[in-house]
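1. Need coordinates for the following:
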Amino acid sequence: MSTNTLALRRHRGPRRDTRGQKVFRVVNVVLLTAFALICLAPFLHVIGSSFANPGELATRPFVIIPRELTLNAYRYVLSTPTIFRAMGVSVFVTVVGTFLSLLVTSLMAYALSKRYLRGRRVINFMVVFTMLFSGGMIPTFVVVSQLGLLNTVWSLILPVTVNAFNFIIMRSFFQGIPDSLEEAARIDGCSELGVFWRIVLPLSLASIATIGLFYAVAYWNTYMHAVLYINDSNLWPIQVLLRQIVIVASGMNADASAVDVVPPAQSVKMAVIALATLPMLLVYPFIQRYFVKGALIGSVKG
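-> Numbers count the residues shown, from 1 in each chain. Coordinates of the predicted model:
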């Protein structure tokens, strides 16, 4: 490019947007803002209702900003040890389950991402097959029972340690890592496990953070497995306790002694929902920057 052309561009200054581009940008911002507000409305309703008094909830079907703020619902919920026990079970299942799932899934995905592995296609087919067909509820219950996992928190972790969809995303991500990096590490004396730990994992933080979020949300929202495999109310996770509170509040038959509360008002139910949602909302901002990158790289290359 000639010197005269560069000088002419500097003289003209930065390129200005056309009128159509400005209109498109404004419309785009307005539409996206409106869509974001629509998505936030249910969360704002839950939070606002948790701080409202029962009389206001009876007269206003949709509350975002209550007329009178009150903490009675949160005092009521936090006054019983049942909620803390259920929270502790959910935290344990989420933390331990996410760690084990990431460990097993990453090791399995790394091994099956190697084209020179014998029987790789057969094993991959067996994993993908589980996405289309499963044993069903009764066979799974029999397996869990025979393994002695009933009425233990491990029944909420071990049967769902590996998710086929998450495995495929992580395997596709590992396949995109250049083989030259691993070969250079092997030349320097790294073992296969050393290559995985020192080379592959540091390059896969985006994928690991994304899959970790998928697993954490799934473990935190565990409900059906707890209903099927756990009869001891002391081992119920937070989601099952929420169900019991809603049933008791609705006046239906339920194990009220396990809930350890009297039938709560609508604000109390909203407070419990807010407390149950808060941990995931606090974790998400820290890994949000990895989320889109990890999910898209794994899916596009797969």
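2. For the rest of this, base every contact and every neighbour count on C-alpha atoms.
-> OK.
3. Pick out the residue nearest the middle of the chain.
-> Centroid-nearest residue in the chain: Val217, 2.7 Å away (criterion: C-alpha atoms, centre = their mean).
4. Not counting its neighbours along the chain, what's nearest that residue?
-> Spatially, and ignoring its direct neighbours in sequence, Val217 is nearest to Met280 (7.1 Å; C-alpha to C-alpha, 6 or more residues apart in numbering).
5. Give me the local confidence score for that neighbour.
-> pLDDT, Met280: 79.
6. got any ranges where this protein has weak pLDDT?
-> Scanning the chain for pLDDT under 70 picks out the ranges 1-15, 248-265, 287-302.
7. That one - how does it break down into domains?
-> Here the domain assignment for the chain is 16-70, 75-301, based on automatic domain parsing.
8. Ends of the first one, what's the gap?
-> Meaning domain 16-70. Using C-alpha to C-alpha, to the nearest Å, the end-to-end distance of domain 16-70 comes out at 52 Å.
9. I'd like the distance between the residue nearest to the centre of the chain and Arg67.
-> From Val217 over to Arg67 the distance is 33 Å, taken as C-alpha to C-alpha.
10. if we can go back for a sec, the residue nearest to Val217 contacts Tyr219, doesn't it?
-> No. With contact defined as C-alpha atoms under 8 Å, Met280 does not count as touching Tyr219 (10.9 Å).
11. Between the two, which has more neighbouring residues?
-> Set side by side, Met280 and Tyr219 show more neighbours around Tyr219, with 24 against 13, by other C-alpha atoms under 10 Å.
12. Skipping adjacent residues, who's closest to that one in space?
-> Going by C-alpha to C-alpha, 6+ apart, Tyr219 has Thr94 as its nearest residue, at 5.0 Å.
13. correct me, but the one you found touches Thr222?
-> No. Here Thr94 lies out of contact with Thr222, judged by C-alpha under 8 Å, at a distance of 9.1 Å.
14. thinking again about what came up before, chain center to the helix or strand hosting the residue nearest to the centre of the chain: distance?
-> Assigned by DSSP states H and E, Val217 belongs to helix 205-220. Offset of helix 205-220 from its chain centre (C-alpha atoms, centre = their mean, to the nearest Å): 6 Å.
15. What is that helix packed up against?
-> The helices and strands touching helix 205-220, judged by 3 or more C-alpha pairs under 8 Å, 6 or more residues apart in numbering; DSSP states H and E, are helix 81-112, helix 164-175, helix 266-301.
16. any idea which helix or strand comes after it?
-> Downstream of helix 205-220, the first helix or strand assigned by DSSP H and E is helix 224-229.
17. what's the nearest residue to Val89 if we skip its chain neighbours?
-> Once flanking residues are discounted, Val89 sits nearest to Pro237: 5.3 Å by C-alpha to C-alpha, 6+ apart.
18. in terms of contact, does the one you found touch Phe92 like I think?
-> No. Counting by C-alpha under 8 Å, Pro237 does not reach Phe92; the two are 9.5 Å apart.
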